[in-house]
Structures are given as structure tokens and as C-alpha cells.
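Undergrad: what shape does this take:
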Amino acid sequence: MNQPDETLFFEDPTVNRSPPGDYGILYLLRRDITRCMDNSILWPAAMAIMAGIDLLAKFETGDDRPRSVSERFKAFIKQYFAISTSDAETIYQLRNSLLHSFGLYDQKTGRRFQVDASGGSLLITSGEQGNACINLLELHARFDRAVQAYRLNLKTNSTLQAHFAIMFPKYGAIPIRP
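TA: Alright, predicted model coming up:
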């Protein structure tokens, strides 16, 4: 399983398999995101999307240093979500609020977040503090498109292939036994 296996990593999240077997980490994240979104379980869905972005950013850069999380996360979503530097910063702040504080408040900026699943724009900011509302339906859609775009780039870019080979043994797949 230490050999890079793109098929395993990018497996269709609608495919339902049962253990035992090896499972791609991205597959497991996307499968669980889909299940959460389908059942309006939005909090864990948002957290898993953020973890998925982190994962893909590691693979794209071939870098898993803890001190470079911010840089690679924002660069990945700027490129693959086609958003501004400012919006990438806002999404990163939401990521930190969700994954580190298990809340919707950014202590550094005083910004408060809302998550929404009613459709519309990805990001709406308002108020003096620049409070932000993130549309999880659009965030999920952009994440899915980013996965496909990254996979397409991976097929033809030797640098991305080398980075993928570096990261796969650490973060690519896990065995799940009954």
C-alpha cells in the first residue's frame, strides 16, 4: 500500500465498500462529506471539507510541514476554487475556527462566521468586523470541482506526480479491517 495508488485515492465517494481493505483517505473524506451533506449534518461536513482541502494542498505541494499550512491551504483554494486572496483568507479563518476551536469565531480578527446551506454565493461578508457567511453547498461543489481539477493536472504534471509520490505513503490510504 505504500506505492502511490491514484485510483484508490480518487475513488468515487458514491461507491460503498465494506471492510476489509485499503481505503484512500480522500475517498473516505469525500464519502463522509457526501453522507453528511445528504442528511443536513453540516457541521462535520464543513470540518471534513476543510480537512480535505488541507489534504489536497499537502499533495499538491509535496509539503506537510506544520508551519506552512496557511500558505499551502490558501494557495490551493485560490487556484482551485478561483477566489480572491481576501476570500481565501476568510475561508482559512473559518477552517481554523472549525478545526481548532470547534466554533465559528476567529479570535485573531474578532470575526464571526455563519454556515448556510440555502444556495447562492460562496461567501458573503458584512458588518464592521467583516463577519462572514459561508455557503456550504457552494463550498462542497467547489471542493468537488477542485478534486477533479487537481486529478486532471496530476495526470500531466511531473512535479505534481513527484509530490503525490512523496505524500501518498504518509497520507494516501489506510487499511481498514473488520
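Undergrad: check the offset of the lowest-mean-pLDDT helix or strand in the chain from the chain's centre.
TA: The helix or strand of the chain with the poorest confidence is strand 123-126; it has a mean of 75 (mean pLDDT, DSSP states H and E). Computed by CA atoms, centre = their mean, to the nearest Å, the chain-centroid distance of strand 123-126 equals 20 Å.
Undergrad: give me the contacts around it.
TA: I83, D87, T90, I91, N131, A132, C133, I134, N135 (CB atoms under 8 Å, 6 or more residues apart in numbering). From N, CA and C alone the C-beta is placed, and that goes for glycine too.
Undergrad: just name the closest of these to G119, please.
TA: Nearest to G119, judged by CB to CB, of those is N135 at 6.8 Å.
Undergrad: now the closest one: how far from A57?
TA: 21 Å (CB to CB, to the nearest Å).
Undergrad: run through the bridge partners of I176.
TA: In this entry, I176 is beta-bridged to G21, by DSSP bridges.
Undergrad: please, where are all the strands along this protein?
TA: Under the criterion DSSP state E, strands of the chain are mapped to 21-24, 105-106, 111-116, 123-126, 131-135, 173-176.
Undergrad: need the winner for burial among those.
TA: strand 131-135 (a mean of 20; mean count of other CB atoms under 10 Å).
Undergrad: now do the helices in this protein.
TA: Secondary structure of the chain (DSSP state H): helices located at 6-9, 25-38, 42-61, 69-80, 85-101, 136-156, 158-171.
Undergrad: so for the shortest one, what gets flagged as buried?
TA: The reference is to helix 6-9. Neighbour-count burial for helix 6-9, counted by 16 or more other CB atoms under 10 Å, picks out E6, L8, F9.
Undergrad: relative to G120, which of these is nearest.
TA: F9 (31.5 Å).
Undergrad: just want to check the distance between the closest one and G103.
TA: F9 sits 31 Å away from G103, going by CB to CB.
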